[in-house]
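Participant: Quick one, what's the 3D model for this:
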Amino acid sequence: RLESLQRTRLGRLSPREVIELLQDAFRSERLAEKLGGKVALKSDGVPFFVFEMIRGLREGQLITELPDGSWIESEVIDDIPVPDSVRELIAMRLRGLSDEDRTILDVGAVQGYEFDPEITAEVTDAPPLTLLQRIAAMSRKSGVVRAEGRAIRFDHHLIQETLYGELMPALREGSHAAIGTTLESRLHAAGEELPAVCGPMFANMCEHWVKGAKGDRALPHLDVALDHLEATHQNERAIALISRLLGTPDVLRGGRRLRLLLRRNTIQELSGRVEGQRQGLSEALRLAKSMNDESSLVSVELAFILRCRHEGRWDEAWAHMEHALRSSCEEGDPALRAEALLARGDLLHLQGRQVEAKETLERCVAIGQELGAQRIEMWGKHHLANTLRSLGRGEQAKSLFEEVRDWARAIGDPVAETTACMNMAIALVELG
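Facilitator: Predicted structure coming up:
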């Protein structure tokens, strides 16, 4: 050992430090800002992982060096690839584990990056204290896990991903199902406070059952789980849960399947996730027609109108509009007709036919008022305010936007409140 050398233990880098390191490596502030968050997330700030990912981006020709020494993307980088050197390092850390320790970590990995030792003990039939002692020993010897309060967390999310990916499919499914059963037991013990207190547990339980090929057991609790995920803005998880359930054979049919297709479409619209939206709506349309359910058919047609509007397919949007209006009249449901009028008024406004839009939206608002349907009346007034603004009636538009904003705030609709505030700001600018 040379006396002039010393060993320094490097701590994990913060996301900002990762970005600064990338700026130095790429000589490009723009590329560093664009990839920094993804590299920080994937590497968890481990310096060696960061440098290996930089090398992987270069060697994989995902980025290209310019004559001035700076780097740019060669193609769109949606995800940062994990280099083989990093995977080999993780595999080496796991190689020395005993079968008993590997079983504990396997069940933990099925739960996720962070796992509950009590659930793990119940699923593995291990005495809780003995299991905690083994986890503590692993933390000291290999550092693959560490305690975070009462939970256990993997030292790096790639460790969890590696363990989970190496499980046999049948073992993975069985572990998910066993965890779902354990969570169900806990929920039954919670008693009458279930929906209010245990929303996260409902969501976890449904996810484990669906991943454990027990989708039928998730169905009675699905609405509570989705309500929780949507209320906490976990739209990606909600979409994934519905999609996995829809893809499970022989679990969902008829009206229940149709309602879930429409619910997923609504969440996709809110989160800007357009992938697969048209395919899902096409299935919903076929299903509504086969059920001969005019009310459901109108709901699907209205969802299609919104999708076509975003895609600029005006002719297709108007075709769905005519079907929706005709079906709502035949059904004799004034609420459905008001929804169709709301969509028609919006289309007319977007195409510059403001006088027709105003008349249509006023009819929509009137029906909403007659029915006491707050949501219809609120959105009708919102679209009417936009139309009035286009007609040069800025003061009237501002007053309506203020009314919609206050109404949305009172009923707890953040989407409507935000949209009203944004459009009211535009109206105020136009008024000077």
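Participant: so how far is E173 from E166?
Facilitator: 15 Å (CB to CB, to the nearest Å). C-beta coordinates here come from the backbone N, C-alpha and C atoms, glycine included.
Participant: which one of these two has more residues nearby?
Facilitator: E173 (17 against 14; other CB atoms under 10 Å).
Participant: Starting from A126, give me the distance back to the more buried one.
Facilitator: Taken as CB to CB, the span from E173 to A126 is 21 Å.
Participant: just A338 next, same as before
Facilitator: Distance from A338 to A126, by CB to CB: 59 Å.
Participant: between the two, who's got more neighbours?
Facilitator: Shown here are A338 and A126; by other CB under 10 Å, A338 has more neighbours (26 against 18).
Participant: Return the distance of the more buried one relative to R309.
Facilitator: 18 Å.
Participant: do the same with P220
Facilitator: P220 is 36 Å from R309, by CB to CB.
Participant: the more surrounded of those two?
Facilitator: Comparing P220 with R309 by other CB under 10 Å, the one with more neighbours is R309, at 17 against 9.
Participant: who touches that one in this structure?
Facilitator: Residues near R309 by CB atoms under 8 Å, 6 or more residues apart in numbering: A317, D346, L347, L350.
Participant: Excluding chain neighbours, give the residue nearest to the last one in space.
Facilitator: Distances taken as CB to CB, 6 or more residues apart in numbering place R309 nearest to L350, at 6.9 Å, with adjacent residues excluded.
Participant: quick check, distance from the longest helix belonging to the chain to the centre of its chain.
Facilitator: Longest among the helix segments of the chain by residue count, using DSSP state H, is helix 169-190. Between the centre of helix 169-190 and the centre of its chain there are 23 Å (CA atoms, centre = their mean, to the nearest Å).
Participant: go on, stretch 90-99?
Facilitator: Worked out by CA atoms, centre = their mean, stretch 90-99 lies 33 Å from the chain centre.
Participant: got the contact list for W314?
Facilitator: C308, L347, Q351.
Participant: swap the cut-off to 10 Å and go again
Facilitator: C308, L347, L350, Q351 (CB atoms under 10 Å, 6 or more residues apart in numbering).
Participant: Likewise for I104?
Facilitator: Contacts of I104 (CB under 10 Å, 6+ apart): 97-98, 115, 117, 120-121, 123-124, 126, 131, 134-135, 138, 145, 152.
Participant: name the element it belongs to?
Facilitator: helix 99-111 (DSSP states H and E).
Participant: Tell me what angle that helix forms with helix 169-190.
Facilitator: 70 degrees (axes from the mean of the first three to the mean of the last three CA atoms, to 10 degrees).
Participant: what's the next helix or strand along the chain from helix 99-111 packed up against?
Facilitator: For helix 99-111, the following helix or strand on the C-terminal side (DSSP H and E) is strand 114-115. Helices and strands touching strand 114-115, by 3 or more CB pairs under 10 Å, 6 or more residues apart in numbering; DSSP states H and E, are helix 99-111, strand 145-148, strand 151-154, helix 157-166.
Participant: which secondary structure element contains I77?
Facilitator: Using DSSP H and E, I77 falls outside every helix and strand.
Participant: Share the number of residues neighbouring it, please.
Facilitator: With other CB under 10 Å as criterion, I77 counts 17.
Participant: wait, isn't it in contact with Q61?
Facilitator: No: using CB atoms under 10 Å, I77 makes no contact with Q61, being 11.4 Å away.
Participant: Common neighbours of those two, please.
Facilitator: Going by CB under 10 Å, 6+ apart, no residue sits against I77 while also sitting against Q61.
Participant: Which pLDDT value belongs to V197?
Facilitator: Note for V197: predicted pLDDT of 58.
Participant: Check Q268 too.
Facilitator: So Q268 comes in at 90 (pLDDT).
Participant: a helix runs through it, doesn't it?
Facilitator: Yes: membership of Q268 in a helix is supported by DSSP: H, G, I helix; E, B strand; the rest coil.
Participant: and the gap between L13 and V224?
Facilitator: Counting by CB to CB, the gap from L13 to V224 is 40 Å.
Participant: give me the element the residue nearest to the spatial centre of the chain is part of.
Facilitator: Closest to where the C-alpha atoms of the chain average out (CA atoms, centre = their mean) is E236, at 1.4 Å. Using DSSP H and E, E236 sits in helix 235-246.
Participant: which residues touch that helix?
Facilitator: Taking CB under 10 Å, 6+ apart as the rule, helix 235-246 contacts 203-204, 206-207, 209-211, 215-216, 218-219, 222, 225-230, 232, 234, 251-252, 257, 260-261, 263-265, 267-268, 270-273, 275-276, 280, 283.
Participant: Now restrict those to buried residues only.
Facilitator: For these, a burial check counting by 16 or more other CB atoms under 10 Å picks out 203-204, 206-207, 209-211, 215, 218-219, 222, 225-226, 228-230, 234, 251-252, 257, 260-261, 263-265, 267-268, 280.
Participant: now, which of the residues you listed lie within helices?
Facilitator: 203-204, 206-207, 209-211, 215, 218, 222, 225-226, 228-230, 257, 260-261, 263-265, 267-268, 280.
Participant: wait, doesn't T232 sit right on G199?
Facilitator: Yes: contact criterion CB under 10 Å: T232 and G199 qualify, at 7.7 Å.
Participant: Need the distance between the two termini of stretch 241-251.
Facilitator: Stretch 241-251 has its terminal residues 13 Å apart, counting by CA to CA, to the nearest Å.
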